[in-house]
Structure formats: C-alpha cells, structure tokens
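**Student:** let me see the structure of the following:
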Amino acid sequence: MPKEMPYQQSRLRLLQLLLGGKIAALGIKVAGHCTYHGVSLNVAMDLQPFERINPCGYAGLRTVDLATLGVRAEPRDVAALLAERLAAHLSR
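**Tutor:** Coordinates of the predicted model:
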C-alpha cells in the first residue's frame, strides 16, 4: 500500500463527515506561458452525472451541492458572497 493511502482515506472520511461529499472545485492550468484558474461551488444542480466518477480520485466520495445540504440560495447570491470572501482572504 502506498504511503499516501492512509492520509487519503482519512481525508475522504473527513470530507464525508463534514460535508457529506465534495461541494467545490479549484482548477489551475498552465499552458503556453499563461496560467488559467477557476473555482466552482455547487449550489443547486443535477448531480446524477457525478455518480459515474470518482471526485478528486476518491472512490466513494459523493458530489453534493448546497441544496443537498439543506441550504436554499440563489446562485447569484452565492457567487457574490463567495467572491467577496475570496477577495477578503486573498488580499490579506
């Protein structure tokens, strides 16, 4: 068993306990001397396509959204709050 496995398994258990699954993603790409980045937060969406993959490579990790967790919010409002919080933390 690779050394990373116990750590990865404990992270998977922590994610499942805290959130019930994966709720957000951060992407970074470097190509042609340019960097691209993006962030997503699942608000209220069709989660069925995600049942066929292993999010972040973790078998058994579900993809969830805020609605699954009982949070009812408009995507526009969530986007504004996420942008505000990210800007505040990144400007420190």
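
**Student:** let's see stretch 73-89 as CSV, backbone CA atoms only.
**Tutor:** The C-alpha coordinates for stretch 73-89 follow below in CSV (Å, rounded to 0.1, in the frame of the first residue of the first chain):
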residue,chain,number,x,y,z
ALA,A,73,-29.9,30.1,-2.0
GLU,A,74,-29.8,31.7,-5.4
PRO,A,75,-26.7,31.0,-7.4
ARG,A,76,-26.2,34.8,-8.0
ASP,A,77,-26.2,35.5,-4.2
VAL,A,78,-23.8,32.6,-3.5
ALA,A,79,-21.5,33.8,-6.3
ALA,A,80,-21.4,37.3,-4.8
LEU,A,81,-20.7,36.1,-1.3
LEU,A,82,-18.0,33.7,-2.5
ALA,A,83,-16.3,36.4,-4.5
GLU,A,84,-16.4,38.8,-1.5
ARG,A,85,-15.0,36.2,0.9
LEU,A,86,-12.3,35.1,-1.6
ALA,A,87,-11.2,38.6,-2.2
ALA,A,88,-11.0,39.3,1.5
HIS,A,89,-8.8,36.3,2.2
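
**Student:** now that stretch: average pLDDT?
**Tutor:** Across stretch 73-89, pLDDT averages out at 93.

**Student:** show me the beta-bridge partners of the spatially most central residue of the chain.
**Tutor:** Centroid check for the chain by Cα atoms, centre = their mean gives residue 24 as the closest residue, at 1.8 Å. For residue 24, the beta-bridge partners under DSSP bridges are residue 41.
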